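Q: A predicted structure for the sequence below; I have some questions about it.
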Amino acid sequence: MRTAVVIALVLFGACAAQAHSYRIGNLEIVHPAIMVPQANSDCTCAHVTITNHGSETEYFLGADIEAASSTRLLHVAIRGLNISAPSIVAIAPGAKLDLHRHEWCLFLSDIPKGIEPDIGAYPARLMFRHAGTIAIEFMVDANQ
């Protein structure tokens, strides 16, 4: 009986993880998540990892996440807190663009209503030079 429960949990976890990743062309998009904003704030960050499994450099052009009026890609240089907003980012063959906390993020501003973990997911579009545009969903992650 215990073995059956463990197998069921593993299979459920695999299905949930699979549902939270996307593919477009040679790109794999994993764990798109929006952080819950601080109290009384109308901005937050969204995170995602994009892996280029192809043999050609791909270019990330940006995102549009429906939870906010504005979504910008930000690059944060840890030392000296230098923040820049590049227009495009190259993803070399075999490389990952890891848009998580300490170096990169998708900055959401002008959020018209609160983002809560219970709401679920927000529709979004990620744009790439070669692969085109893909519609995905960003889950709300209170633990980020």
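A: Yes, it's here.
Q: can we go C-alpha only for contacts and neighbour counts from here?
A: Will do.
Q: Which parts of the chain are helices?
A: 2-19 (DSSP state H).
Q: any idea how far the most centrally placed residue in it is from residue 139?
A: By CA atoms, centre = their mean, the mean C-alpha position of the chain lies nearest to residue 48, the distance being 2.5 Å. According to CA to CA, to the nearest Å, residue 48 and residue 139 sit 10 Å apart.
Q: returning to that earlier point: for the residue nearest to the residue nearest to the centre of the chain when sequence neighbours are not counted, list the residues it contacts.
A: Distances taken as CA to CA, 6 or more residues apart in numbering put residue 32 closest to residue 48, at 4.4 Å, once the chain neighbours are dropped. Neighbour list for residue 32: 20, 21, 46, 47, 48, 49, 137, 138, 139 [criterion: CA atoms under 8 Å, 6 or more residues apart in numbering].
Q: Show me where this structure has its strands.
A: 21-24, 27-35, 43-52, 58-65, 70-77, 82-84, 89-91, 96-99, 104-109, 121-128, 132-141 (DSSP state E).
Q: pretty sure residue 44 is touching residue 114, no?
A: No: contact between residue 44 and residue 114 fails when scored by CA atoms under 8 Å: they sit 10.6 Å apart.
Q: Common neighbours of these two, please.
A: residue 37.
Q: out of these two, which sits in the busier spot?
A: Neighbour count, other CA atoms under 10 Å: between residue 44 and residue 114, residue 44 has more, with 20 against 17.
Q: Residues contacting stretch 39-48, please?
A: With contacts defined as CA under 8 Å, 6+ apart, stretch 39-48 is touched by 29-38, 98-101, 105-114, 138.
Q: Give me the buried positions along stretch 28-41.
A: For stretch 28-41, a neighbour-count test (16 or more other CA atoms under 10 Å) marks 29, 30, 31, 32, 33, 34, 35, 36, 37 as buried.
Q: Nothing else from me, thank you.
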